[in-house]
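In: Give me a model of this one.
(3 chains)
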Amino acid sequence: MINKNINNLIKELSSLDISGMTRKDFLLTWEQSDDAVSAVFKTAEILRLLRRENISPRIFDSGLAVSVFRDNSTRTRFSYASAANLLGLTVQDLDEKKSQIAHGETVRETSCMISFLTEAIGIRDDMYIGEGHRYMKEVADSLDQDFEAGLLPSRPAMVNLQCDLDHPTQSMADMLHLINHFGGVENLKGKKIVMSWAYSPSYGKPLSVPQGVISLMSRFGMDVTLAHPPGYSLVPEVLDKADMFCRQSGAVFTRTESMEQAFEGADIVYPKSWAPFSVMQKRTELLKDGDSAGLVQLEKDCLRQNAEYMNWECTEELMKKTRNGSALYMHCLPADITDVSCSHGEVAASVFDRYRKLTYEEAGYKPYIIAAMILLAKLKDPASSLNSIIKRAPKRKIF
Amino acid sequence: MINKNINNLIKELSSLDISGMTRKDFLLTWEQSDDAVSAVFKTAEILRLLRRENISPRIFDSGLAVSVFRDNSTRTRFSYASAANLLGLTVQDLDEKKSQIAHGETVRETSCMISFLTEAIGIRDDMYIGEGHRYMKEVADSLDQDFEAGLLPSRPAMVNLQCDLDHPTQSMADMLHLINHFGGVENLKGKKIVMSWAYSPSYGKPLSVPQGVISLMSRFGMDVTLAHPPGYSLVPEVLDKADMFCRQSGAVFTRTESMEQAFEGADIVYPKSWAPFSVMQKRTELLKDGDSAGLVQLEKDCLRQNAEYMNWECTEELMKKTRNGSALYMHCLPADITDVSCSHGEVAASVFDRYRKLTYEEAGYKPYIIAAMILLAKLKDPASSLNSIIKRAPKRKIF
Amino acid sequence: MINKNINNLIKELSSLDISGMTRKDFLLTWEQSDDAVSAVFKTAEILRLLRRENISPRIFDSGLAVSVFRDNSTRTRFSYASAANLLGLTVQDLDEKKSQIAHGETVRETSCMISFLTEAIGIRDDMYIGEGHRYMKEVADSLDQDFEAGLLPSRPAMVNLQCDLDHPTQSMADMLHLINHFGGVENLKGKKIVMSWAYSPSYGKPLSVPQGVISLMSRFGMDVTLAHPPGYSLVPEVLDKADMFCRQSGAVFTRTESMEQAFEGADIVYPKSWAPFSVMQKRTELLKDGDSAGLVQLEKDCLRQNAEYMNWECTEELMKKTRNGSALYMHCLPADITDVSCSHGEVAASVFDRYRKLTYEEAGYKPYIIAAMILLAKLKDPASSLNSIIKRAPKRKIF
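Out: Got it, this is the predicted structure:
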């Protein structure tokens, strides 16, 4: 007998209005309807439970899943590979250094050339403010054009594996972790979640994780507090989204420049480093101008600026200020752990150790979130297809 | 009901004499019989139509398809990956930098070591005159020896992904595009096709595209005109083939040093840059001698020589000289487009834009051409196997 | 009708006590029971024969097989890819340069992050004495922890693709070659096998091949002779194992500093270069200290030391000293062949040529050995699963 939860989840999925998801991309969570967001959670959870039941949710006999990584990645790369593989697709990496893109090929052309037998394209492009999302939109528009022109037999599903604005596969995995950890989305209402900047000796970490977190978590009735030192604000348009979503869901969006104050009574804390917005902007300009001396100087300045806020660390003392001293600690990993990965970092070793297992659990949702995004873009009636899969019950591990 | 064309194509395929294709390689089109060439077109078209019918032409449950890229590649890499995947094979790249080949391993040994469970080997080796094809032959001979000696359980099908002499997956895709564009190979008789050199600011482009085009297109009764400035001739043996094929098919092979004259009354134009033959020869020698100063000087000389022929551009004015001013423009992509990818290039932006969709269509045949080449080398009776596939009709997209 | 040998081998497999293999790793052969070693040979041979019968031994519909190569590799890389593919898994390479490991991620964390949908992890880490095996153990322990904590839905099977101590996929392939070549393991009793150092102009070759060979071959009643110049000894713990296994199996473990003496009356010779133990130890220290000048000097010293033993070459004269002048020559490849890959090497060209086919045959066992290791770690009752596969007889090449 199949796990009852799976059947219930499929029923819930079938009641959502997700007609707008087919052949569409899930690039920024704030552009998605509540039903679309919810459909991803439910589908991801179904896929995760099917894995435990040893049922293979393969929906393709063949097809490519292209990946384009313009920045380093371990867990997102493996999550994407796992998701593609689970659905029956084979990853083909577009290594821009080994390609002919240097020849002066346009985005439109490359998109088409890699897509003749492609079902999904995952892109990480998170280095430059104003760039990553713009590039993904350009690829998406090209794919639409070429699909409509009959050049592509199917419209590849685009997956945003992190851009300058959002990191939806991360924030959605974080959120599904919260839903399961607290026993249902309804239990999150009124909880206080803190997205806090934290000190790290490294430079230039993207803003997309905190942006993804505050703009998504604000949709579920949680009070969202954003804390960072002066100068470490986020892209204004995303702040507006968080504010708006909080108001819509009857919650409060708070901003503070004190980590201590933020942690006060928190149910969930997410302490993580990111680069100052102005530094990211200046960096984009310097990179465009090829000004390497300027970049070296900027890195120095930024690290000096960071160093002023070394006390922004998630310590045991700070954790004590949270609700019952036992807020849920979250991180997208890898965390900069004091005395482990560096001498001063985002989090004390004892805090991280206590929550290590939970952060790994959090990370473990990502492959299913990505698979859900692809599946929902690809299937016209996902609920009924999932029902067919369960009926047939093809084994993932055959023997 | 299956598309009627598919059944007709399979019938036509079954009437061809392709007994010589099994376990044989398709390295140079001019070594292949007319029936073999025709079988590739028909099989590629069948595979393309099956894709539209959502039928999976998987012929392997497992097996590797090795790729060896000794030069950069985007579309050929993705075409090969797509073709392998469509047939059920998994691409494994032989990255010669990460391998032990530097240890002094022989070609014979490497070929065997990568082939124990391999069904196809695709190689791009197009940089040096006198090298690429020689290398592929050496690999092919090694595979034959090791298969005959019982060391390999099957003889991998070799795919020439571009050598110094020919670029058969490109020229065959180009030709299938022509066949479909003009409504059948019979409609190509008497048409005038122009393979013309065109200016590009880049250096050292291989000769294999123009060589592949003139030696293949000349087999179908088309009048082939080869146009280039003085010094930009091609490998003599291939010129002879083009001439011979034209004579055999009752057509005319014309050579000219005027792009204008070439375009006069043309039905199809293929303007593309390539390096002067003598430069490619000298380059090979300098590379062998490790003469880096000589290489720098050669590049300078070559670019200076190119710059004398900046007016070899496919402009609107030139296009007007073609039949009814509307010849079909072709390119293997990426094209050097004036004011888009460079200030002076092979083609005017407005011309390229008008034909952009058609060049993408042209490129879209390549995965199927490659899959057809592998399939024909692997199956003893391809027509009857394709009939079995159609009968079973396994779904490519399962849900 | 299925090959009778397959049924017999499955029967033999079912009689072995391999209950300890499920979810366990095969990192060092000397830690494995005789039954476990025997089970790998039998399973590998079954898989090899199934390949000839065109039966697909796929045991997974999906799943990743991660590879981590900390040293160059051709044949092991392809063997691992082939094995994974044969069982239905898709290789995903962990390229540590493209990952976030530089961020200060721990081994525990990386192991978990790459394993959420992973069924096998193959690692090559053979550069530093005291490092490779330690690292693999750390990964293995992490995987155990995370599997037990419920973070991983299955425990990935680890495959040692060469460490500082052992190279089990190589030595097991070598041994299966011997078993088949001499018509059964029972025919090896009393045979004399010589593992001899041989001169090579290259530097820093790992000790794991000779260590793997002497510690494995000593288990089957063969007299094992280890020959090397002064200073080229192996890791003491492995020497002890070889000595102990020889005594247990009633054979003799002999050490000599004369290649000539070693070859006298030998049935099998395995002449191969490796680095002096002390050099490998010093190298590890220098690398840790980042002492590049020291490393350059060490390489010079080592090559000078090597050069004193240029006469350690497997020549025709030496081969004449073996039993009937026709001992079986073995090598893990690539060999340094005099006048082929270098001016003075491990073996004379005429000797290597005579045995070339057999060395390729030897190499051809590796994919099946790796597949067997994964299969035995993954299946609770491998014999009965293999029987089910044979009953169903799914085709590997479908058409």
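In: going forward, measure contacts between C-alpha atoms and count neighbours the same way
Out: OK.
In: Other residues contacting stretch A:391-398?
Out: Stretch A:391-398 is contacted by residues A:51, A:54, A:55, A:56, A:57, C:58, C:59, C:60, C:61, C:62 when judged by C-alpha atoms under 8 Å, 6 or more residues apart in numbering or on different chains.
In: for residue A:270, helix, strand, or coil?
Out: Three-state call for residue A:270 (DSSP: H, G, I helix; E, B strand; the rest coil): strand.
In: before we move on, what about the one 5 residues further on?
Out: With three-state DSSP as the basis, the three-state label of residue A:275 is coil.
In: Next, count neighbours for it.
Out: By the measure other C-alpha atoms under 10 Å in any protein chain shown, the count of residues near residue A:275 is 23.
In: Could I get the contacting residues of it?
Out: Contacts of residue A:275 by C-alpha under 8 Å, 6+ apart are A:203, A:204, A:205, A:206, A:207, A:232, A:302.
In: again, but for residue A:283
Out: A:128, A:295, A:298.
In: What does residue A:251 show for phi and psi?
Out: phi -120, psi -180 (degrees, to the nearest 10).
In: Any figure for the gap between it and residue A:217?
Out: 11 Å (C-alpha to C-alpha, to the nearest Å).
In: same check, this time on residue A:87
Out: Counting by C-alpha to C-alpha, the gap from residue A:87 to residue A:217 is 28 Å.
In: Tell me where chain A has strands.
Out: Read by DSSP state E, chain A holds these strands, from start to end of the chain: A:64-69, A:90-93, A:118-124, A:157-160, A:192-197, A:223-227, A:253-256, A:268-272, A:328-329.
In: Now do the buried residues in the worst-scoring helix or strand of chain A on mean pLDDT.
Out: In chain A, the helix or strand scored least confidently by mean pLDDT, DSSP states H and E is helix A:277-289, which has a mean of 87. For helix A:277-289, the neighbour count (16 or more other C-alpha atoms under 10 Å in any protein chain shown) marks A:277, A:278, A:279, A:280, A:282, A:283, A:284, A:285, A:286 as buried.
In: Assess the claim that residue A:162 and residue A:171 are in contact.
Out: No: if you go by C-alpha atoms under 8 Å, residue A:162 and residue A:171 don't touch, sitting 10.2 Å apart.
In: These two: which is more packed in?
Out: Set side by side, residue A:162 and residue A:171 show more neighbours around residue A:162, with 30 against 25, by other C-alpha under 10 Å.
In: can you pull the contacts of that one?
Out: Contacts of residue A:162 (C-alpha under 8 Å, 6+ apart): A:123, A:124, A:125, A:126, A:168, A:169, A:208.
In: By residue count, what's the longest helix in chain A?
Out: helix A:34-52 (DSSP state H).
In: What are the buried residues along that one?
Out: For helix A:34-52, by 16+ other C-alpha under 10 Å, it's A:35-51.
In: what does stretch A:351-371 give?
Out: A:351-352, A:356-371.
In: Which phi and psi values does the closest residue to residue A:310 other than its chain neighbours adopt?
Out: Nearest non-adjacent residue to residue A:310, counting by C-alpha to C-alpha, 6 or more residues apart in numbering or on different chains: residue A:199, 5.3 Å away. Main-chain dihedrals, residue A:199, degrees, to the nearest 10: phi -70, psi 140.
In: Please tell me I have it right and residue A:194 contacts residue A:265.
Out: No: using C-alpha under 8 Å, residue A:194 makes no contact with residue A:265, being 9.9 Å away.
In: Is there a neighbour count for whichever residue of the stretch 101-250 of chain A sits closest to chain C? I'd like the number.
Out: Residue nearest to chain C within the stretch 101-250 of chain A (C-alpha to the nearest C-alpha): residue A:202, separated by 8.4 Å. For residue A:202, the count of nearby residues is 17 (other C-alpha under 10 Å).
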